[in-house]
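> Compute the structure for the input listed below.
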Amino acid sequence: MQALTRRLARAINAEGEELAAVLAGFALFFCLFAGYFMLRPIREAMGITGGVNNLQWLFTATFVVMLLAVPLFAWLNSKVPRIHFIDWVYGFFCLNLLAFVLLFRVDHDSVWLARVFYVWISVYNLFVVSVAWSLMADVFDGAQARRLFAFIAAGASVGGLCGPLLSTLLIGSVGESGLMLMAAVLLGAAMGFKRYLMAWREQQGAGRPGAVSDESPRRPVPGNPFSGLTRMLGSRYLLGIGAFILLLTSVSTFLYFEQARLVAELFPDRAAQVKVFGVIDFVVQAGALAAQLFITGRVAQKLGVRVLLSIVPALVCLGFIGLALAPTFAMLAALMIVRRIGEYAFVRPGREMLFAPLDAESKYKAKNFIDTVVYRGGDALSGWAKAGLDMLGQGAWLVAMVGALCAALWGVLGWYLGGRADRQADA
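Modelled structure (predicted):
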């Protein structure tokens, strides 16, 4: 048994005492993403139900909700010890999911309910994933992050594979409310894995070599409801991460709007739309999983975080130029898949590595502000920018060239930030 454990630890780049914690992190992300990706195809279909031409309003509404929710989130973080904080957040969202189960059973075809769910799940996704990565940055130090985060992120891809598959297979039998109930159960399971990880962190002891910090997880994170914003504004490094996120969202939103428009034209039935989005998600997660298991960790160790954060923007820049030359659905779908695989396999683990050496207030509050307000603010701004570009009547060519420029700037900034993280880890 011990020999098998050692082989498994070597296979995933873990030390023997880290194996159980890494597997718990993998399982936590599996539960989160299996639940979310069961609901994501429903969200995309409901965005179309609310009107493709209204998507920028949904993005703006999501941003406004984020502005209201983040100070409450930060206030709670200042009152509740870190060891219990995620229980409060995940418990709240479990109750929300159960409420949607009842609402969709009562009025399945309501356009306004579809719009509310679209905004809610856009908020839900960023919060649950952001605090999960804050937990990982709290439990593991910078050197461990470079070795282990690729495998932990693979849990998200396995969950992302199972989620759309379950959504596609079960939507006809259990309906949208049944999928929501299953997602609530998986979120509850994630809370159990989080408790194990926090217990493991305490068991290791703050004085062990490579410990993350001597800040006790049994104390709340210091600061006030707005310290995430002030922390970001006071640090060039955190401002750079915020700008990186804004450029990422600009590229993603341009592609997302085009995808929604084409799917609405080709697949008018909502159940068919859920299946189409489920198939796309399955392909993306399969590609991301293969990259995370066999490529990401090796790239991070041998070439550094800067390559993780710049290679995908470079490919997306080339893809946008190709889309300008050949604005077809096949080209758009290929670029969308490459962008999303690259984000899950390279960009997301790389950007989480940027936070590993930082203090608890930066990991929980500044990181959450960047992951939620900055992210959704970028969505809203780029949504309106896309609508403005469409009004110029130049077709996909102009959107593609603006997207190529954003991707180029995104790659340059990723190279700079990754270089700083590499130097910190090496030091």
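> what comes up buried for the helix or strand harbouring G159?
In the assignment (DSSP states H and E), G159 maps to helix 142-170. By neighbour count on 16 or more other C-beta atoms under 10 Å, the buried set for helix 142-170 is 142, 144-168. For the C-beta atoms, the positions are set from N, CA and C on the backbone; glycine is no exception.
> Find me the pLDDT at L39, would you?
We have a pLDDT of 88 for L39.
> these two touch, right, it and G178?
No. Assessed by C-beta atoms under 8 Å, L39 is found out of contact with G178, at 11.4 Å.
> Of the two, which one has the most company?
Neighbours were counted for L39 and for G178 using other C-beta atoms under 10 Å; L39 has more, 23 against 16.
> for that one, what are its contacts?
121, 163, 167, 179-180, 183 (C-beta atoms under 8 Å, 6 or more residues apart in numbering).
> Relative to F104, which of the residues you listed is nearest.
The nearest member of the contacts of L39 to F104, counting by C-beta to C-beta, is M180 at 7.1 Å.
> Could you measure from that closest one over to L103?
Counting by C-beta to C-beta, to the nearest Å, the separation of M180 from L103 is 10 Å.
> For these two, indicate the residue with more neighbours.
M180 (26 against 16).
> Can you name every helix or strand that the helix or strand where the more buried one lies contacts?
Secondary structure from DSSP H and E places M180 in helix 175-204. Helix 175-204 sits against helix 19-49, helix 82-106, helix 111-139, helix 142-170, with contacts defined as 3 or more C-beta pairs under 8 Å, 6 or more residues apart in numbering; DSSP states H and E.
> Now render the ones you listed as TSV, adding distance to Q301.
Below are the helices and strands packed on helix 175-204 laid out as TSV (distance: least, C-beta to C-beta, whole Å):
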stretch	distance to Q301
helix 19-49	15
helix 82-106	29
helix 111-139	18
helix 142-170	6
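> For M336, which of those is the nearest?
Among the helices and strands packed on helix 175-204, helix 19-49 sits nearest to M336 (C-beta to C-beta), with 12.1 Å.
> Pull the distance from the closest one to the chain's centre.
10 Å (C-alpha atoms, centre = their mean, to the nearest Å).
> distance of the closest residue to A154 other than its chain neighbours from A286?
Of all residues not flanking A154 in the chain, Q292 sits nearest, at 4.0 Å (C-beta to C-beta, 6 or more residues apart in numbering). Applying C-beta to C-beta, the value for Q292 to A286 is 11 Å.
> Kindly report the same for L19.
Taking C-beta to C-beta, one finds L19 at 25 Å from A286.
> go on, P71?
Distance from P71 to A286, by C-beta to C-beta: 39 Å.
> I83 now?
Counting by C-beta to C-beta, the gap from I83 to A286 is 35 Å.
> go on, E17?
32 Å.
> More neighbours: which of these two?
More crowded of E17 and A286, by other C-beta under 10 Å: A286, with 16 against 12.
> Could you pull out the buried residues of stretch 255-271?
Buried residues in stretch 255-271, counted by 16+ other C-beta under 10 Å: 255-261, 263-264, 267, 270.
> Please apply the same query to stretch 226-241.
Buried, per 16+ other C-beta under 10 Å, within stretch 226-241: 227-229, 231-232, 237-238, 240-241.
> Just say helix, strand or coil for the residue nearest to R82 when sequence neighbours are not counted.
Closest residue to R82 apart from its sequence neighbours, by C-beta to C-beta, 6+ apart: P217 at 4.2 Å. Three-state call for P217 (DSSP: H, G, I helix; E, B strand; the rest coil): coil.
> for P217, what are its contacts?
81-83, 138, 198, 201-202.
> One more: L247?
313, 378, 406-407, 409-410, 413.
> make it 10 Å
313, 378, 382, 405-414 (C-beta atoms under 10 Å, 6 or more residues apart in numbering).
> any idea which element it lies in?
Going by DSSP H and E, L247 is part of helix 236-266.
> from the chain's centre, how far out does that helix sit?
12 Å.
> circling back to that earlier point, CSV please, covering the contacts of L39 and showing distance to W57 and pLDDT.
Formatted as CSV, the contacts of L39 follow (distance: C-beta to C-beta, whole Å; pLDDT from 0 to 100):
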residue, distance to W57, pLDDT
I121, 16, 91
G163, 27, 87
S167, 26, 83
L179, 25, 91
M180, 24, 93
A183, 25, 94
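> Show me the shaky parts of the chain.
1, 49-52, 205-216, 270, 395, 425, 427 (pLDDT under 70).
> Which of the three states applies to N13?
N13, by the three-state scheme (three-state DSSP), is coil.
> Can you tell me the number of residues neighbouring it?
With other C-beta under 10 Å as criterion, N13 counts 18.
> And the one 3 residues further on, by the same measure?
Counted by other C-beta under 10 Å, the residues lying close to G16 total 12.
> Also S250?
24.
> Quick check: S177 touching V101?
Yes. If you go by C-beta atoms under 10 Å, S177 and V101 touch, sitting 4.6 Å apart.
> residues shared between the contacts of these two?
Joint contacts of S177 and V101 (C-beta under 10 Å, 6+ apart) do not exist.
> returning to that earlier point: with only the CA atoms kept, save the very next helix or strand once past the helix holding L247 in PDB.
Next helix or strand after helix 236-266 toward the C-terminus (DSSP H and E): helix 270-291. Provided in PDB are the C-alpha atoms of helix 270-291 (Å, rounded to 0.1, in the frame of the first residue of the first chain):
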ATOM      1  CA  ARG A 270     -34.000  25.800 -25.600                       C
ATOM      2  CA  ALA A 271     -33.400  22.000 -24.900                       C
ATOM      3  CA  ALA A 272     -31.400  21.800 -28.200                       C
ATOM      4  CA  GLN A 273     -29.300  24.800 -27.000                       C
ATOM      5  CA  VAL A 274     -28.600  23.200 -23.700                       C
ATOM      6  CA  LYS A 275     -27.400  20.100 -25.500                       C
ATOM      7  CA  VAL A 276     -25.200  22.100 -27.900                       C
ATOM      8  CA  PHE A 277     -23.600  24.100 -25.100                       C
ATOM      9  CA  GLY A 278     -23.100  20.800 -23.100                       C
ATOM     10  CA  VAL A 279     -21.200  19.200 -26.000                       C
ATOM     11  CA  ILE A 280     -19.000  22.300 -26.400                       C
ATOM     12  CA  ASP A 281     -18.200  22.200 -22.700                       C
ATOM     13  CA  PHE A 282     -17.400  18.500 -22.800                       C
ATOM     14  CA  VAL A 283     -14.900  19.000 -25.600                       C
ATOM     15  CA  VAL A 284     -13.300  22.000 -23.800                       C
ATOM     16  CA  GLN A 285     -12.900  20.100 -20.500                       C
ATOM     17  CA  ALA A 286     -11.500  17.000 -22.200                       C
ATOM     18  CA  GLY A 287      -8.800  19.100 -23.800                       C
ATOM     19  CA  ALA A 288      -8.100  21.000 -20.600                       C
ATOM     20  CA  LEU A 289      -7.800  17.800 -18.600                       C
ATOM     21  CA  ALA A 290      -5.300  16.300 -21.000                       C
ATOM     22  CA  ALA A 291      -3.200  19.400 -20.900                       C
END
